[in-house]
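> Just to be clear, the model below is a prediction. Sequence and coordinates:
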Amino acid sequence: YLSQNDETTRNKDFLLPMVAYLDEQGNIKDTFLDGFLFLPKSPLPSGIAPHLETIKSDWEWLFDATFHGVSGFDRLDEIVGDVKKELNRPDYKVQVYATILTVLETQKDFGDVDGDGVSENCYYAEDREKVVRWYVTKCLEEFEKGNYENIEFGGFYWMHEEVVNSKQGEAIIAQTADIV
């Protein structure tokens, strides 16, 4: 889980026991997990839970934590590189998955994602689509720019984990599926 407190509660080796099987002395003996899902932990910077009416700054925080946080993609790439070197497994990589936060139609003031100076109103399908497309594009471009050697992008995870019980819940899922 990604938390606002990660920078103060996690050291550089936080991910190591998830990437590698360690013996009692802390020596790397084998690989461990081969896929990593980067989920936010409540509350988000706005104070709201990740499955509620999130705003642009929440998504921006999640993006930064996922890619560049102390337990994000950058750090995971480095740790996997250390493990594969120690085990002499030059082709070893792990999969990573980024989270898409919930886009509720009740969020009428998300923030401006397309530079037109107008905050997106997620009641409207076209604005929900703008929000998801903005975030997915931002993530894919950042992953490409990262030139990661030890991690592969596996895809996206829908944070809410279910179809929101609303008039537009199924439409939101269909829109997101079309984008990703």
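Cool, the structure landed.

> When you work out contacts or count neighbours from here on, use the C-alpha atoms and nothing else.
Will do.

> most centrally placed residue in the protein?
The centre of the chain sits closest to Ala98, judged by CA atoms, centre = their mean, with a distance of 3.0 Å.

> Which strand residues bridge that one?
Ala98 forms beta bridges with Phe38, Phe156, as assigned by DSSP bridges.

> Distance check, it against Gly155.
Using CA to CA, to the nearest Å, we find Ala98 at a distance of 7 Å from Gly155.

> quick one on the thing from earlier: my guess is the residue nearest to the centre of the chain contacts Leu37. True?
Yes - using CA atoms under 8 Å, Ala98 makes contact with Leu37 at a distance of 6.4 Å.

> Report the contact partners of Thr66.
Shown in contact with Thr66 (CA atoms under 8 Å, 6 or more residues apart in numbering): Leu2, Phe38, Gly72, Phe73, Ala98.

> Please, which helix or strand holds it?
helix 56-68 (DSSP states H and E).

> How far does that helix sit from its chain's centre?
From the chain centre to the centre of helix 56-68 is a distance of 8 Å (CA atoms, centre = their mean, to the nearest Å).

> burial measure for Leu104, as a count.
21 (other CA atoms under 10 Å).

> what about it, distance to Gln168?
Counting by CA to CA - Leu104 and Gln168 are separated by 8 Å.

> Same question for Asn121.
14 Å.

> Need the residues touching each of the two.
Glu105.

> Just the angle for the lengthiest helix in the chain relative to helix 56-68, thanks.
Secondary structure of the chain read by DSSP state H shows that its longest helix is helix 125-146. With axes from the mean of the first three to the mean of the last three CA atoms, to 10 degrees as the basis, helix 125-146 and helix 56-68 are set at 20 degrees to each other.

> I'd like the mean pLDDT over helix 125-146, please.
For helix 125-146, mean pLDDT is 96.

> can I get the CA coordinates of that helix in PDB?
Presented in PDB, the C-alpha positions along helix 125-146 are these (Å, rounded to 0.1, in the frame of the first residue of the first chain):
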ATOM      1  CA  ALA A 125     -19.400  11.100 -19.500                       C
ATOM      2  CA  GLU A 126     -17.000  13.100 -21.600                       C
ATOM      3  CA  ASP A 127     -15.400  14.700 -18.500                       C
ATOM      4  CA  ARG A 128     -15.000  11.300 -16.800                       C
ATOM      5  CA  GLU A 129     -13.400  10.000 -19.900                       C
ATOM      6  CA  LYS A 130     -11.000  13.000 -19.900                       C
ATOM      7  CA  VAL A 131     -10.000  12.300 -16.400                       C
ATOM      8  CA  VAL A 132      -9.300   8.600 -16.900                       C
ATOM      9  CA  ARG A 133      -7.600   9.200 -20.300                       C
ATOM     10  CA  TRP A 134      -5.400  11.900 -18.700                       C
ATOM     11  CA  TYR A 135      -4.300   9.600 -15.900                       C
ATOM     12  CA  VAL A 136      -3.700   6.500 -18.100                       C
ATOM     13  CA  THR A 137      -1.700   8.500 -20.600                       C
ATOM     14  CA  LYS A 138       0.300  10.200 -17.900                       C
ATOM     15  CA  CYS A 139       1.200   6.700 -16.400                       C
ATOM     16  CA  LEU A 140       2.100   5.100 -19.600                       C
ATOM     17  CA  GLU A 141       4.300   8.000 -20.700                       C
ATOM     18  CA  GLU A 142       6.000   8.100 -17.400                       C
ATOM     19  CA  PHE A 143       6.700   4.300 -17.400                       C
ATOM     20  CA  GLU A 144       8.100   4.600 -20.900                       C
ATOM     21  CA  LYS A 145      10.300   7.600 -19.900                       C
ATOM     22  CA  GLY A 146      11.500   5.600 -16.800                       C
END
